[in-house]
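K.L.:
coordinates only, sequence not included:
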């Protein structure tokens with residue numbers, strides 16, 4: 001232990017307290033090579049409120065020293081038995097949660113020197129291509145999104161995707177290797193909604209899990225360690241969050257989901273679990289209301305939802321299809337060229353399951369196409385404008401005509417903006433041209 005005589009006052013009890021005496025005794029008895037004993041001594045000092053002793057003791061521990069602080073103690077789960085190897089991995093994951101220093105206390109000068117960031121060089125064994133759970137759409141080791149309006153079928157396409165994953169049928173690095181999938185969230189109930197949809201989609205239900213009754217994951221920053229352990233224990237390959245916003249604390253009035261720093265800090269633990277446990281993570285998310293100009297503008301809440309995601313997919317209604325036709329396109333991707341659009345129809349199907357009849361939506365007629373995010377985001381042509389274009393086109397001549405004259409010719413008020421919009425649309429199609437004196441045929 002470091003001599004405490006020249007260290008600044010700590011923010012907890014005086015050293016004479018029983019808590020501090022117990023921590024001091026634990027530290028003196030802990031052998032340098034005994035990771036668990038060292039960790040328990042550190043936790044005892046943290047609970048006693050002695051930050052200086054915490055920082056000094058952390059100097060000899062094989063964990064991220066700059067993250068050790070009393071706020072971490074409450075979340076630590078230290079098994080009474082078992083190998084130290086797992087303890088180190090789990091502790092590193094827990095202590096990387098970006099927790100602030102307790103009470104604003106700064107580390108000692110000696111601890112600050114010891115807390116210098118570790119660096120390393122290139123490790124060629126790690127230089128490998130990104131692996132894909134679903135080729136060019138859902139990477140392994142990183143979070144992804146499916147964004148879609150309520151009622152467009154996010155849960156239906158997610159059920160289709162999960163079914164293919166549990167059967168090893170998704171094109172990508174896991175093709176031919178069925179994986180286990182964990183569904184987290186209660187926007188749609190598990191047994192009444194998810195299970196019938198998965199059954200209809202052909203999923204291997206023995207490979208589908210959800211959180212047990214009474215288990216919740218409302219905040220990644222406090223539950224990441226438990227999620228990581230569950231993923232490892234149950235050999236999960238894909239985690240689906242329905243919906244993602246439910247797992248990010250929004251503050252008293254929900255304003256926090258619009259704060260970029262808050263959202264990023266809330267999602268970073270999920271990204272680290274995905275990478276450390278080598279799994280795919282998929283969040284379902286609603287878009288904003290209105291007419292966004294780009295996919296970035298489409299994301300509800302802070303843009304950091306899309307920034308943390310490495311591959312973001314958009315599900316929309318086929319603008320050239322029927323009421324139940326859908327298109328899934330990639331709106332953002334960091335690691336590959338864009339995949340082709342996935343085009344399909346959602347059909348209702350009645351199934352018998354557990355002696356009950358369910359009518360569920362199901363993905364059918366799946367094909368790939370060449371549609372893009374721009375095809376889904378462009379505003380549809382207004383029926384009034386389309387009709388005015390048809391009526392105005394034969395009225396155009398080589399001589400300019402005023403807007404008012406053309407408006408009266410189609411029985412519209414000259415002040416009606418729809419006539420101008422229709423002429424602008426004809427101009428964009430290189431049919432009309434605005435010149436001095438009015439509009440003429442191009």
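P.N.:
Perfect, thanks for sending it. A quick note: this is a predicted structure, and the numbers were derived from the prediction, not measured. Numbers count the residues shown, from 1 in each chain.
K.L.:
so what are the domain limits for this protein?
P.N.:
Segmentation of the chain into domains, based on automatic domain parsing, reads 18-114, 132-377, 383-441.
K.L.:
Tell me who's in contact with residue 322.
P.N.:
Shown in contact with residue 322 (Cβ atoms under 8 Å, 6 or more residues apart in numbering): residue 345. Where you see a C-beta, it was placed from the backbone N, CA and C, and this is true even at glycine.
K.L.:
That one - that's part of a strand, no?
P.N.:
No. Residue 322: not assigned to a strand; according to DSSP: H, G, I helix; E, B strand; the rest coil it is coil.
K.L.:
so where's the protein uncertain?
P.N.:
Scanning the chain with the threshold set as pLDDT under 70 gives 1-20, 23, 27, 30-116, 251-254, 289-292, 300-301, 379-384, 415-417.
K.L.:
how about the domains of the chain in TSV, adding distance to residue 126?
P.N.:
Output for those, formatted as TSV (distance: least, Cβ to Cβ, whole Å):
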stretch	distance to residue 126
domain 18-114	17
domain 132-377	12
domain 383-441	51
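K.L.:
so which of those domains comes closest to residue 122?
P.N.:
domain 132-377 (18.1 Å; Cβ to Cβ).
K.L.:
what's the distance between that closest one and the middle of its chain?
P.N.:
9 Å (Cα atoms, centre = their mean, to the nearest Å).
K.L.:
so how far is the first residue of that domain from its last?
P.N.:
27 Å (Cα to Cα, to the nearest Å).
K.L.:
got it, and stretch 206-223?
P.N.:
25 Å.
K.L.:
same deal with stretch 365-374?
P.N.:
23 Å.
K.L.:
which residues are in contact with it?
P.N.:
160, 295, 314, 327, 329-331, 338, 340-345.
K.L.:
again, but for stretch 180-200
P.N.:
Identification of contacts with stretch 180-200 by Cβ under 8 Å, 6+ apart yields 155-156, 159, 162-163, 165-166, 205, 207-211, 217, 230-231, 234-243, 246-247, 284, 349, 351, 353, 358, 360-362.
K.L.:
picking up where we left off before, mark which of the contacts of stretch 365-374 are part of helices, please.
P.N.:
Those of these mapping onto helices are 160, 295, per DSSP state H.
K.L.:
Report the two of the contacts of stretch 365-374 separated the most.
P.N.:
Longest span within these, Cβ to Cβ: 295 and 345, 23.5 Å.
K.L.:
buried subset of the contacts of stretch 365-374?
P.N.:
With burial judged by 16 or more other Cβ atoms under 10 Å, the buried subset of those is 160, 295, 314, 327, 329-331, 341-345.
K.L.:
CSV please, covering these and showing distance to residue 129.
P.N.:
Listed next are the buried ones among the contacts of stretch 365-374 as CSV, based on distance: Cβ to Cβ, whole Å:
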residue, distance to residue 129
160, 26
295, 25
314, 25
327, 28
329, 23
330, 18
331, 22
341, 24
342, 22
343, 28
344, 28
345, 34
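K.L.:
can you pull out the strands in this protein?
P.N.:
132-134, 138-139, 143-148, 180-184, 208-210, 236-241, 280-285, 311-317, 325-333, 341-353, 356-369, 432-435, 438-441 (DSSP state E).
K.L.:
Among those strands, which comes closest to residue 26?
P.N.:
strand 236-241 (36.2 Å).
K.L.:
The closest one pairs with which strands?
P.N.:
Here strand 236-241 has these sheet partners by DSSP bridges: strand 180-184 (parallel), strand 280-285 (parallel).
K.L.:
Could you check the angle that strand makes with strand 143-148?
P.N.:
Interaxial angle, strand 236-241 versus strand 143-148 (axes from the mean of the first three to the mean of the last three Cα atoms, to 10 degrees): 40 degrees.
K.L.:
could the contacts of stretch 365-374 be laid out in JSON lines, adding distance to residue 137?
P.N.:
As requested, the contacts of stretch 365-374 are arranged in JSON lines below (distance: Cβ to Cβ, whole Å):
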{"residue": "160", "distance to residue 137": "13"}
{"residue": "295", "distance to residue 137": "15"}
{"residue": "314", "distance to residue 137": "11"}
{"residue": "327", "distance to residue 137": "13"}
{"residue": "329", "distance to residue 137": "10"}
{"residue": "330", "distance to residue 137": "6"}
{"residue": "331", "distance to residue 137": "11"}
{"residue": "338", "distance to residue 137": "10"}
{"residue": "340", "distance to residue 137": "10"}
{"residue": "341", "distance to residue 137": "11"}
{"residue": "342", "distance to residue 137": "8"}
{"residue": "343", "distance to residue 137": "14"}
{"residue": "344", "distance to residue 137": "14"}
{"residue": "345", "distance to residue 137": "19"}
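K.L.:
from the contacts of stretch 365-374, which single one is nearest residue 388?
P.N.:
residue 327 (28.7 Å).
K.L.:
so what's the nearest residue to residue 179 once chain neighbours are set aside up against?
P.N.:
Closest residue to residue 179 apart from its sequence neighbours, by Cβ to Cβ, 6 or more residues apart in numbering: residue 237 at 3.0 Å. Residues near residue 237 by Cβ under 8 Å, 6+ apart: 133, 165, 174, 179-181, 279-280.
K.L.:
Kindly reformat these as JSON lines containing neighbour count and distance to residue 189.
P.N.:
Below are the contacts of residue 237 laid out as JSON lines (neighbours: other Cβ atoms under 10 Å; distance: Cβ to Cβ, whole Å):
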{"residue": "133", "neighbour count": "25", "distance to residue 189": "25"}
{"residue": "165", "neighbour count": "29", "distance to residue 189": "21"}
{"residue": "174", "neighbour count": "23", "distance to residue 189": "28"}
{"residue": "179", "neighbour count": "21", "distance to residue 189": "23"}
{"residue": "180", "neighbour count": "19", "distance to residue 189": "21"}
{"residue": "181", "neighbour count": "26", "distance to residue 189": "17"}
{"residue": "279", "neighbour count": "25", "distance to residue 189": "24"}
{"residue": "280", "neighbour count": "29", "distance to residue 189": "24"}
